[in-house]
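Colleague: When you get a sec, could you give me coordinates for this:
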Amino acid sequence: MIPVGVSNRHLHLKQEDLYTLFGEGYELSIAKELSQPGEFAANETVKVIGPKGEFPSVRILGPVRKFTQLEISKTDSFSLGVKAPLRSSGNIEGTPGIKLVGPKGELDIQEGVIIAERHIHMTPVDAANFDVSDGQYVSVKSQGERSLVFNNVLIRVKDTYALDMHIDTDEANASGLKTGDQVEIVK
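Modeller: Model (predicted):
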């Protein structure tokens, strides 16, 4: 069985964008550790403004990254008026941009808005146990009264990962899943 982590809309920032939004030399502060080692939900939030709507307080996840990326759900994309494509994290080329407003500045990112593909983080030992490999797509079955099968679930393998399947709020609501529930790979 694989634990589930439900991912709400959130923002990853590169260093220079963090400084633009929060001031030169600013460092994110940890509100809560996340399931993946070294990753955290920061206390800091920013306003996100799209062509049609805005979210006044979108959580930043740390640590800083090499690129700025806003991960939203399909429902969020309608609210913001942005045609965000379904992509794996980090695959932001050709994606739409958005306006970000922080306490010390604002910026219009030119790309980086995505709907993250559902995926499973695992170690190489986990991958061997589940007989899967990095980059492979699998099907995953949930339990409960709204059980369903998620197809096209990306496997992501790295020594530093912890076993966890990430889905967004739309997927969680459709399946009745919450963080900590368990799912299984369908052979």
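Colleague: Okay, the residue nearest the centre of the chain and V46: tell me how far apart.
Modeller: The structure's the chain has its C-alpha centroid closest to E71; by C-alpha atoms, centre = their mean the separation is 5.2 Å. Applying C-beta to C-beta, to the nearest Å, the value for E71 to V46 is 13 Å. All C-beta spots, glycine's among them, are computed from the backbone N, C-alpha and C.
Colleague: what is in contact with these two at once?
Modeller: L11 (C-beta atoms under 8 Å, 6 or more residues apart in numbering).
Colleague: who are the neighbours in contact with the residue nearest to the centre of the chain?
Modeller: Counting by C-beta under 8 Å, 6+ apart, E71 has contacts 7, 9-12, 89, 114-116, 168.
Colleague: How about E54?
Modeller: 47-48, 80.
Colleague: what comes up buried for the longest strand along the chain?
Modeller: Identified as the longest strand of the chain according to DSSP state E is strand 54-65. By neighbour count with 16 or more other C-beta atoms under 10 Å, strand 54-65 contains the buried residues 54-55, 58-62, 64-65.
Colleague: All the helices of the chain, residue numbers only.
Modeller: All helices of the chain, identified by DSSP state H, fall at 15-22, 74-80, 124-130, 169-175.
Colleague: Parallel or antiparallel, list what pairs with the longest strand of the chain.
Modeller: Strand pairing for strand 54-65, using DSSP bridges, gives strand 10-14 (parallel), strand 40-49 (antiparallel).
Colleague: hey, which of these is tucked in deepest?
Modeller: strand 10-14 (a mean of 22; mean count of other C-beta atoms under 10 Å).
Colleague: what residues does that strand touch?
Modeller: 21, 41, 46, 48, 58-61, 64-71, 100.
Colleague: and if you look at stretch 59-66?
Modeller: So stretch 59-66 is in contact with 8-15, 18, 28, 30-31, 34, 38-42, 44-46, going by C-beta under 8 Å, 6+ apart.
Colleague: Mind doing that once more with 10 Å?
Modeller: 7-19, 21-22, 27-32, 34, 36, 38-46, 69, 71, 89-90, 100, 102 (C-beta atoms under 10 Å, 6 or more residues apart in numbering).
Colleague: domain ranges for the protein?
Modeller: Listed domain ranges for the chain are 8-116, 119-186 (source: automatic domain parsing).
Colleague: between the ones you listed, which gets nearest to I2?
Modeller: domain 119-186 (5.1 Å; C-beta to C-beta).
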